[in-house]
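Asker: below is the sequence, then the predicted model.
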Protein chains: 2
Amino acid sequence: MQVELVTIGTELLLGFTVDTNSAFLGQALGAIGVTVARRTAVADRPDAIRAAVEEALRRTGAVITTGGLGPTRDDLSKKVVAELFGWPLRFDEGVWAELGARWRRMGRELSSANRCQAEVPEGAVVLPNQWGTAPGLWLEGPPGLVVMLPGVPREMRKLTEHEVVPRLQARAGERVIRSAVVRTTGIPESSLAARVGPHEDELAPLSLAYLPATTGVDLRLTAWDRPPAEADRLLAAGVERLRALAGDHAYGTEEDDLAAVVLETLRRQGMTLALAESCTGGMLGERLTAIPGSSDVLVGGVIAYDNAVKTRQLDVDPGLLAGHGAVSLEVARAMAAGAQARFGTTAAVAVTGVAGPAGGSDEKPVGTVCFGWIARNQSEAARVVFPGNRREIRERACQYALHCLWLMSRGS
Amino acid sequence: MQVELVTIGTELLLGFTVDTNSAFLGQALGAIGVTVARRTAVADRPDAIRAAVEEALRRTGAVITTGGLGPTRDDLSKKVVAELFGWPLRFDEGVWAELGARWRRMGRELSSANRCQAEVPEGAVVLPNQWGTAPGLWLEGPPGLVVMLPGVPREMRKLTEHEVVPRLQARAGERVIRSAVVRTTGIPESSLAARVGPHEDELAPLSLAYLPATTGVDLRLTAWDRPPAEADRLLAAGVERLRALAGDHAYGTEEDDLAAVVLETLRRQGMTLALAESCTGGMLGERLTAIPGSSDVLVGGVIAYDNAVKTRQLDVDPGLLAGHGAVSLEVARAMAAGAQARFGTTAAVAVTGVAGPAGGSDEKPVGTVCFGWIARNQSEAARVVFPGNRREIRERACQYALHCLWLMSRGS
């Protein structure tokens, strides 16, 4: 089955809004074997909407629209599509009652100006929207199939999952496009390709894409045009194969966050963690505490931005600072030891570096970061020069700190 | 002048890539008076590309394409468009030499397989791409105007700014669409509307949009279809008016970050800052240290996630913790005082709260956050219940902490 997407909104064309709805719909539809053949964005103008929907129906016979269903533009896309079907708009008492109830729950009252929101093309199926105000609409007749969804991303997503996908699944193809992602870190794309490349044939018929980002390279496997069960089986086997090939660099799948993986590993071992952050300035703490329940592992930390803080709050010997400088393996080790002792934890991480743009030298260029780790009664230290701007250097340093802590804490 | 955008890439339709290029182009073109009339996304297939470009040319006579210019798909969109113009592809020695030089700088060698990247439709103007490999192309002839840009966002943006906008500006309309943004925080959309609404007529002919986000409401003013100088003059006056109406809640314009505004205010007053973070876990430090040069103001901080840390690292009286609980005005005040004393600064901020999803109670529901501030020899404390999930509560708490610190430090 093929569909076209028509996204409605002058804001989209002006670039005031980035269209994230289309990407969501593309993936959700591909996963049930529905192919998006084309996508068109048009302004909130009846002629533009009508032309786009008509052309799309002529090509594929099925269209999903987003946007143009809100109270102020209600008479636009709904009217245009109803006309296209030759169906008059009728006032729907059920929709009106629903709307009123929802508004009252928000402490507001509907006015007669809202009545147009309860108008529904005769013959359309109403897709109830419990996550917002404008319901979705499902029109099917001689012109073809038109599904109208609101443009608010959350409402569009929920309606797609709960109302559109189940209805389309019944008539969708028996062959789907599905993907799976393996997340890696600490290895450049070229080295990963050298490891994985020679085995790519074994992954067939899955295709493999490398998706490099600041904090690592994601590997995306895609099963094209396969029966759903076969696609899932192929992907599961492919993920296992990739994890084995990437070894210690593979820390998770899909949306897994390395911070959550680290916390879970520490928790299983009954370990507790303290942080000493200089150049990352709290970013490591932020990432760990973003995970609910992190408090049973993470005890606390020191943001030791100034050298005096390293001495006074982390007991770093001033002689080390004077002799080796703040960005040194010696100071990183001392910071980790100081954090562990002060906070009474079994593990600690310290990060000190030059995030730039200023502060670099020949010996310690911008991007130089020194790390100290303590876990399972062992200590490690490392010095790395990261590429990129201030943000990228800090993000890479955090990911590196978490990755090594993960490897040490699981005992590998 | 009207143009259509045609974005090329199967990944776009599958939803593996979110199309940010179109939003950028929409704004960049609107700012010089070029209207994007429609936007079409098609797969990497010659027939689909050809149909989309032809239809678009028929409607507006001018098309900008993105994507489909890389080495692997080089023979697709370039060939299709060249055929449409009836222009053969010719090998361009200059482009080939450029490519070779760029690859050598990256330590790589071109192979004969890359030669197609140096093929250019006879009659096309080459738009040199010093930010990547595939150059842009400018084709103008009987079918109309087609500008072909690479799909890599950075390259597309740079080529648009340096090559496309200057060329279009000459023939673009004398009337433009331009916007300006005033950033506010600490005031709900409805209260802001109550302040600004009665004066909206004074802003005419500018239109006003409220853009609520987690950390505040942005106000966007837009000048529609005006001569450039008039648009800029109207926007400058409108921004001044909105800033006055929003008062202390307006902290900046466009992309201004409140953390940078706070640092600048503290720096001007010769103040130094220490942090004590519980529920934000380093997020406040992360935001401040993201700003280059923050080290002359921010001395450091304590991530006091565990209660024992509040006592041992911030000298909070255990009696306060036992009597009032960790999330209390008393403890927030004591944390700020402890941070200030420990780090020897003139200002301090403390944040302690229940970010959820667990840990809430009837008395202190999820979202309850207590703050302590010290600045200019004054101290303040506040208790707020923020709505939202864990991430939103933490982001709102940081923004609130920064906003009040800003007001105290500038002495208002």
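Answerer: Cool, got the structure. All of these numbers come straight from a predicted model, not from anything done at the bench.
Asker: which outside residues touch stretch A:286-300?
Answerer: With CB atoms under 8 Å, 6 or more residues apart in numbering or on different chains as the test, stretch A:286-300 has contacts from A:257, A:259-260, A:262-263, A:266-267, A:271-275, A:285, A:343-345, A:398, A:402, B:279-283, B:285-286, B:302-306, B:308-309, B:313, B:355-358, B:390-391, B:394. Every C-beta, even on glycine, is put in place using the N, C-alpha and C of the backbone.
Asker: no, scratch that, I was asking about stretch A:267-274
Answerer: A:266, A:288, A:296-301, A:339-340, A:342-349, A:375-376, A:405, A:409-410.
Asker: buried ones among the residues you listed?
Answerer: A:266, A:288, A:297-301, A:339-340, A:342-343, A:345-349, A:375, A:405, A:409-410 (16 or more other CB atoms under 10 Å in any protein chain shown).
Asker: next step: the contacts of stretch A:286-300 restricted to strands.
Answerer: Among those, the members falling in strands are A:273-275, B:302-303 (criterion: DSSP state E).
Asker: want to try TSV for those, with pLDDT and distance to residue A:121 as columns?
Answerer: Formatted as TSV, the ones in strands among the contacts of stretch A:286-300 follow (pLDDT from 0 to 100; distance: CB to CB, whole Å):
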residue	pLDDT	distance to residue A:121
A:273	98	59
A:274	98	62
A:275	98	59
B:302	98	61
B:303	97	57
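Asker: let's see if you can find the most crowded of those residues.
Answerer: residue B:303 (34 neighbours; other CB atoms under 10 Å in any protein chain shown).
Asker: that one against residue B:283, yeah?
Answerer: No - applying CB atoms under 8 Å, one finds residue B:303 not in contact with residue B:283, separated by 9.7 Å.
Asker: what touches both of these two?
Answerer: Joint contacts of residue B:303 and residue B:283 (CB under 8 Å, 6+ apart) are A:282, A:285, A:289, B:277.
Asker: check what pLDDT the nearest residue to the first one once chain neighbours are set aside gets.
Answerer: Closest residue to residue A:282 in three dimensions, ignoring its sequence neighbours and counting by CB to CB, 6 or more residues apart in numbering or on different chains: residue B:285, at 2.6 Å. Among the per-residue scores, residue B:285 shows a pLDDT of 98.
Asker: isn't residue B:285 up against residue A:277?
Answerer: Yes - the pair residue B:285 / residue A:277 is scored as a contact, 7.4 Å apart, by CB under 8 Å.
Asker: if we can go back for a sec, narrow the buried ones among the contacts of stretch A:267-274 to those in strands?
Answerer: Reading strands off the buried ones among the contacts of stretch A:267-274 with DSSP E, I get A:298-301, A:347-349, A:375.
Asker: re earlier: in helices only, show me the contacts of stretch A:286-300.
Answerer: In helices, defined here by DSSP state H, the members of those are A:259-260, A:262-263, A:266-267, A:285, A:343, A:398, A:402, B:283, B:285-286, B:308-309, B:313, B:390-391, B:394.
Asker: got the residues of the stretch 251-400 of chain A near chain B?
Answerer: A:275, A:277, A:279-286, A:288-290, A:292-295, A:298-306, A:308-309, A:312-313, A:342-344, A:355-358, A:390-391, A:394 (CB under 8 Å from any CB of the partner chain).
Asker: how about residue A:409, what does it touch?
Answerer: By CB under 8 Å, 6+ apart, the contact set of residue A:409 is A:262, A:265-266, A:269, A:271, A:347, A:375-376.
Asker: let's see 10 Å
Answerer: Counting by CB atoms under 10 Å, 6 or more residues apart in numbering or on different chains, residue A:409 touches A:262-263, A:265-269, A:271, A:273, A:346-347, A:373, A:375-376.
Asker: and of these, the nearest to residue B:135?
Answerer: Using CB to CB, residue A:262 is the member of those that lies nearest residue B:135, at 44.2 Å.
Asker: buried stuff in the longest strand that chain A contains?
Answerer: Scanning chain A for the strand with the most residues, using DSSP E, yields strand A:216-226. Under the neighbour-count criterion of 16+ other CB under 10 Å, strand A:216-226 has A:216-223, A:226 buried.
Asker: do stretch A:179-192 as well
Answerer: Going by 16+ other CB under 10 Å, stretch A:179-192 has these buried residues: A:179-187, A:192.
Asker: ok, stretch A:203-211 next?
Answerer: Within stretch A:203-211, the residues scored as buried using 16+ other CB under 10 Å are A:203, A:206, A:208.
Asker: any idea how chain A splits into domains?
Answerer: Annotated domains of chain A cover A:2-171, A:176-253, A:258-409 [automatic domain parsing].
Asker: okay, now the residue of the stretch 51-200 of chain A found nearest chain B: neighbour count?
Answerer: The nearest approach of the stretch 51-200 of chain A to chain B comes at residue A:177, 6.6 Å away (CB to the nearest CB). The tally of other residues near residue A:177 (other CB under 10 Å) stands at 23.
Asker: in three-state terms, label it for me.
Answerer: strand (DSSP: H, G, I helix; E, B strand; the rest coil).
Asker: and it, how close does it get to residue A:40?
Answerer: Per CB to CB, to the nearest Å, residue A:177 is found 21 Å from residue A:40.
Asker: ok, now residue A:349?
Answerer: Per CB to CB, residue A:349 is found 50 Å from residue A:40.
Asker: roughly how far apart are residue A:270 and chain B?
Answerer: Here residue A:270 is placed at a distance of 16 Å from chain B (CB to the nearest CB, to the nearest Å).
Asker: many thanks, I have nothing further to ask.
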